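*Asks:* this is the structure alone, sequence omitted:
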């Protein structure tokens, strides 16, 4: 019997959520619920679930996008529970960061067994979706940025993904190749000029002067580094 592990159930079908709530509670789990992707991200950030059970067909976001955004900070297992039975859908969800995939309709005993395996094999580690980096505060769940305590100009999706990648590696050099691969894919490994344009856009929105970088420093010929209070120094580009 689990020791009250908290599970976040994400599904826009009220009947499915009710069935899972009753079944999981009877099996000793604590259950929290969300019916949209944005609700799921907010509750994952504030409720610290041990595991997420996630439908792909949500009214606001595709479940795969929810998985990708969760993986910015959430380290616990994610189990997809969906009517989409196509192998391509399964592979895409697993590649996005899901740990397991169960097709509806499903047997509750099989689902419970899979949950037990996931909780044993990938225990969650509590992590905050908010990165405080001196004057820069990045909320990975809400996808917002504050500079010197004030909200920054809104970022496009790619701009935020780029900033989040640098922030998750704050203080370290992230190579151009790594950035292009993770944000744009393997087909864009040579698009360094494209990356420079995006870095310029980030700097403009952060109010960062490349001649005296506060936030993003260029490491010539290598990549970029998001500065922390410990490694910030005048100069650089």
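*Replies:* Ah, there it is. Here the structure is a predicted model, which means the values were calculated and not measured.
*Asks:* what about stretch 178-191, how long is it end to end?
*Replies:* 12 Å (Cα to Cα, to the nearest Å).
*Asks:* ok, residues contacting it?
*Replies:* 158, 161-162, 165-166, 177, 192, 194-195, 223-224 (Cβ atoms under 8 Å, 6 or more residues apart in numbering). In this view, the C-beta of every residue, glycine as well, is placed from N, C-alpha and C.
*Asks:* ok, of those residues, which come out buried?
*Replies:* Among the contacts of stretch 178-191, those classed as buried by 16 or more other Cβ atoms under 10 Å are 161-162, 165-166, 195, 223-224.
*Asks:* tell me the one of the contacts of stretch 178-191 nearest residue 18?
*Replies:* Closest approach between those and residue 18, by Cβ to Cβ: residue 161, at 35.5 Å.
*Asks:* measure the closest residue to the closest one other than its chain neighbours to residue 99 for me?
*Replies:* Distance criterion Cβ to Cβ, 6 or more residues apart in numbering; nearest residue to residue 161, sequence neighbours excluded, is residue 183 at 5.3 Å. Residue 183 sits 23 Å away from residue 99, going by Cβ to Cβ, to the nearest Å.
*Asks:* residue 162 is in contact with residue 145, correct?
*Replies:* No: counting by Cβ atoms under 8 Å, residue 145 stays clear of residue 162, with 11.8 Å between them.
*Asks:* could I get the buried ones among the contacts of stretch 178-191 as JSON lines with secondary structure, distance to residue 81 and pLDDT?
*Replies:* Listed next are those as JSON lines, based on DSSP: H, G, I helix; E, B strand; the rest coil; distance: Cβ to Cβ, whole Å; pLDDT from 0 to 100:
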{"residue": "161", "secondary structure": "helix", "distance to residue 81": "26", "pLDDT": "91"}
{"residue": "162", "secondary structure": "helix", "distance to residue 81": "32", "pLDDT": "94"}
{"residue": "165", "secondary structure": "helix", "distance to residue 81": "29", "pLDDT": "92"}
{"residue": "166", "secondary structure": "helix", "distance to residue 81": "34", "pLDDT": "94"}
{"residue": "195", "secondary structure": "helix", "distance to residue 81": "37", "pLDDT": "93"}
{"residue": "223", "secondary structure": "strand", "distance to residue 81": "39", "pLDDT": "95"}
{"residue": "224", "secondary structure": "strand", "distance to residue 81": "39", "pLDDT": "96"}
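*Asks:* quick one on the thing from earlier: so residue 183 and residue 99 - more neighbours on which side?
*Replies:* When neighbours are counted by other Cβ atoms under 10 Å, residue 99 comes out ahead of the other of residue 183 and residue 99, with 19 against 16.
*Asks:* give me phi/psi at the more buried one?
*Replies:* phi -100, psi -30 (degrees, to the nearest 10).
*Asks:* per-residue confidence for it?
*Replies:* If you check residue 99, the pLDDT there is 96.
*Asks:* now swap in the one 4 residues further on and tell me
*Replies:* The predicted local distance difference test score for residue 103 is 97.
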